[in-house]
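A.B. asks: next input, structure requested:
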Amino acid sequence: MPAKFGPAGNPDAFPHKSSADAPGWLRGLGLDCYEYQCGKGVHVGEASARKIGQAAGEAGIALSLHAPYFINLANPDPESLRKTTGYILAACQAADWMGATRVVVHTGALMKRTRREALDIAKASMVSVLRDWEEAGFAHISLCPETMGKINQLGDLAEVLELCKLDDRLIPCVDFGHLYARSLGELTGADACEAMLDQMEAALGAQRASVFHSHFSQIEFTPNGGEKCHRTFSDNGGFGPDPAPLMAAVARRGWSPTFICESAGTQEVDALTMKRLYQQAQ
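C.D. replies: A predicted model of the protein is given here:
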């Protein structure tokens, strides 16, 4: 199966008012998937979610959903874990209504802890979340821990892969823009892309690595903090990473990831650029 490409949310050029119109519009553009955004909370109702799902099914558009940004798996406070679990299960419920098969979750902040301490807390939290996720009947929806863009956040590639080793049903959401930003511009180019894909395969095996979830955009970063803001492929200023080497590496391996473009307002345009680069490399 080929890789899939689509936007995070509705781009600036989206000509409709309802997200239920997004799948048909995206199919007309030649895109393959759509990530519904619940970053500020899960506010979509059952009826609306089912309309989006029906439209996606008719258009052949694969759906994923982004859970609330304020999830923090690295906070050991029991009340924080209760809230985090609630946010994730609410996201899974909305995803279930619309037939989305993946829910992207943030990993959390260090909160003045060492990276090892924060990761160990996040792993224990994830085990608890997975228990409740399974008991609630959502195990058919993959949770996708995301790599993060700020240096003081948990979620470099190795940390996300370690989280994903907890359960074979976890799929990493590898945000290459975030990894570029937190590495202060080092993780770009053919060698870096091959190394990251090799790292994923070594950790998860070829089968699970080959269907990874991904966010991609070019990112502006600061030398002390990492990610500052998302950019577009047409912005001047030398922002990275370059999508072409990644598309070539994925095509060469015959992998089938889902690429969700998070460019700042031009998600559909840049997703199409990525798809063309991928197809040219096949």
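A.B. asks: please make it C-alpha for all contacts and neighbour counts, starting now.
C.D. replies: Noted.
A.B. asks: pull the number of nearby residues for Leu143.
C.D. replies: 26 (other C-alpha atoms under 10 Å).
A.B. asks: for Val105, grab phi and psi.
C.D. replies: Main-chain dihedrals, Val105, degrees, to the nearest 10: phi -130, psi 140.
A.B. asks: hmm, Val160 is touching Glu146, no?
C.D. replies: Yes: applying C-alpha atoms under 8 Å as the test, Val160 and Glu146 come out as touching, 6.7 Å apart.
A.B. asks: now the common contact residues for these two.
C.D. replies: Here Val160 and Glu146 have Thr107, Pro172 as joint contacts, going by C-alpha atoms under 8 Å, 6 or more residues apart in numbering.
A.B. asks: ok, Pro78 - how many residues close by?
C.D. replies: Pro78: 10 neighbours (other C-alpha under 10 Å).
A.B. asks: identify the residues contacting the nearest residue to His213 once chain neighbours are set aside.
C.D. replies: Distances taken as C-alpha to C-alpha, 6 or more residues apart in numbering place Cys173 nearest to His213, at 4.5 Å, with adjacent residues excluded. By C-alpha under 8 Å, 6+ apart, Cys173 lies in contact with Val104, Cys144, Pro145, Glu146, Thr147, Phe212, His213, Ser214, His215.
A.B. asks: quick one: pLDDT of Cys173?
C.D. replies: Here the pLDDT value assigned to Cys173 is 98.
A.B. asks: gap between it and Tyr36?
C.D. replies: 15 Å (C-alpha to C-alpha, to the nearest Å).
A.B. asks: mind listing the helices for the stretch 151-282 of the chain?
C.D. replies: For the stretch 151-282 of the chain, the helices defined by DSSP state H, counting those that start in this stretch occupy 157-164, 176-182, 190-204, 206-209, 243-253, 267-281.
A.B. asks: give me the packing partners of the first one, helices and strands only.
C.D. replies: It stands for helix 157-164. In terms of contacts (3 or more C-alpha pairs under 8 Å, 6 or more residues apart in numbering; DSSP states H and E), helix 157-164 is packed against helix 115-135, strand 142-145, helix 190-204.
A.B. asks: show me how far it is from its chain's centre.
C.D. replies: Distance, stretch centre to chain centre, for helix 157-164: 14 Å (C-alpha atoms, centre = their mean, to the nearest Å).
A.B. asks: which ones are touching the closest residue to Lys40 other than its chain neighbours?
C.D. replies: Closest residue to Lys40 apart from its sequence neighbours, by C-alpha to C-alpha, 6+ apart: Pro68 at 5.4 Å. With contact set as C-alpha under 8 Å, 6+ apart, Pro68 has these partners: Cys38, Gly39, Lys40, Gly41, Val42, Tyr87, Ile88, Ala91, Val105.
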